[in-house]
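# show me the folded form of this:
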Amino acid sequence: MQKKLSLFFGLIMLPVLALAQYTGGSYDGYAMNEQIKDSSLPVELTSFTAVSQSGVVLLKWTTESEIENLGFILERRNSKFEIRNSDWEEIASYMTHEELQGQGSVSHKTEYSYTDSKVQPGMTYKYRLADVSFDGVVEYHGTRKVTVKGSDESVLPEGFALKSVYPNPFNPEANISYAIGEEAEVNLVIVDLLGREVRKLLNNEVRSQGNYTVKWDGTNDSGFSLSSGVYFVVMKAKGAVDTQKIVLFR
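Next up, the predicted model:
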């Protein structure tokens, strides 16, 4: 009699055990009608690049296949400020840019590209790419770093001029770009609102024709930090004088 009961109980439990095995060992999960998630990645990314071209950054990426891919999100941050994850700034997404919309579910290769024009020459940026599934799940991929080159770096200038000061306002350091039309002695100084010279960056230094950049860290000639405020960059070369305002913010 005991053997018959054991056999009967075993026959009853077989479907239950089968269901538990099918749902990954969770019979309750099957009873609650939970969906079984596909463990494969929604996007098979084979390349992601960031290249500086003529003062902008060209971002390209390629997928070999996509599964329920709604689209992509591109984020950027200044490489100098990487303390908090919140420093990432969304610059484009599938909701605002048609070229970032995904292919849904496909098994063929797809190439994407986006041009980031809101960058400053001389600055270094980091980019990261994310894809979004139909269920709204966001999957981040690796980061790429790029330093932006000016659009005219390869073009020799014809005159003498200050080209740009960036960032402006700045803290702790500013990049001052200038152009030299022919070989000459160059003076580059920082003066305050009263016209007093507070820092000499170049003192009758000979420069050949070309484009140059010099850094200023907000200190005077004695190495002491100057207070926040408005200053002026003054460049003199071969009788030409050019001035630009610069703001130091501490």
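# got the buried residues for stretch 45-53?
Buried residues in stretch 45-53, counted by 16 or more other C-beta atoms under 10 Å: 45, 48, 50, 52. Where you see a C-beta, it was placed from the backbone N, CA and C, and this is true even at glycine.
# ok, now stretch 162-180?
In stretch 162-180, counting by 16+ other C-beta under 10 Å, buried: 162-163, 165-168, 170, 174-180.
# compute the first-to-last residue distance for it.
Stretch 162-180 has an end-to-end distance of 9 Å (criterion: C-alpha to C-alpha, to the nearest Å).
# now do stretch 74-88
Start-to-end span of stretch 74-88 (C-alpha to C-alpha) is 10 Å.
# which of the buried residues of stretch 162-180 fall within strands?
Those of those mapping onto strands are 162, 163, 165, 166, 174, 175, 176, 177, 178, 179, 180, per DSSP state E.
# quick check, nearest of the buried residues of stretch 45-53 to residue 228?
residue 52 (31.5 Å; C-beta to C-beta).
# A strand includes that closest one, no?
Yes - counting by DSSP: H, G, I helix; E, B strand; the rest coil, residue 52 is located in a strand.
# am I right that it is in contact with residue 127?
No - look at residue 52 against residue 127 with C-beta atoms under 8 Å: they stay out of range, at 11.6 Å.
# and the lengthiest strand in the chain, which strands flank it?
Across the chain, the longest stretch assigned as strand under DSSP E is strand 56-78. If you go by DSSP bridges, strand 56-78 pairs up with strand 43-53 (antiparallel), strand 89-93 (antiparallel), strand 101-106 (antiparallel), strand 110-116 (antiparallel), strand 124-133 (antiparallel).
# now those strands in CSV, with distance to residue 77?
Formatted as CSV, the strands paired with strand 56-78 follow (distance: least, C-beta to C-beta, whole Å):
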stretch, distance to residue 77
strand 43-53, 13
strand 89-93, 6
strand 101-106, 24
strand 110-116, 12
strand 124-133, 5
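# identify all contacting residues around stretch 135-148.
41-43, 45, 48-52, 55-57, 59, 68, 70, 73, 79, 119-133 (C-beta atoms under 8 Å, 6 or more residues apart in numbering).
# extract the CA atoms of it and return them as PDB.
C-alpha atoms of stretch 135-148 as PDB (Å, rounded to 0.1, in the frame of the first residue of the first chain):
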ATOM      1  CA  ASP A 135      10.700  48.100 -23.000                       C
ATOM      2  CA  GLY A 136      12.600  51.300 -22.200                       C
ATOM      3  CA  VAL A 137      15.700  49.500 -20.900                       C
ATOM      4  CA  VAL A 138      18.800  51.600 -21.400                       C
ATOM      5  CA  GLU A 139      22.100  49.800 -22.100                       C
ATOM      6  CA  TYR A 140      25.300  51.900 -22.000                       C
ATOM      7  CA  HIS A 141      28.400  51.100 -24.100                       C
ATOM      8  CA  GLY A 142      32.000  52.300 -23.800                       C
ATOM      9  CA  THR A 143      33.200  55.900 -23.700                       C
ATOM     10  CA  ARG A 144      35.400  57.700 -26.300                       C
ATOM     11  CA  LYS A 145      37.700  60.700 -25.700                       C
ATOM     12  CA  VAL A 146      38.600  63.400 -28.300                       C
ATOM     13  CA  THR A 147      40.400  66.700 -28.300                       C
ATOM     14  CA  VAL A 148      38.800  69.300 -30.600                       C
END
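# would you mark the buried spots in it?
143, 144, 146, 148.
# which secondary element of the chain has the worst mean pLDDT?
helix 27-31 (a mean of 30; mean pLDDT, DSSP states H and E).
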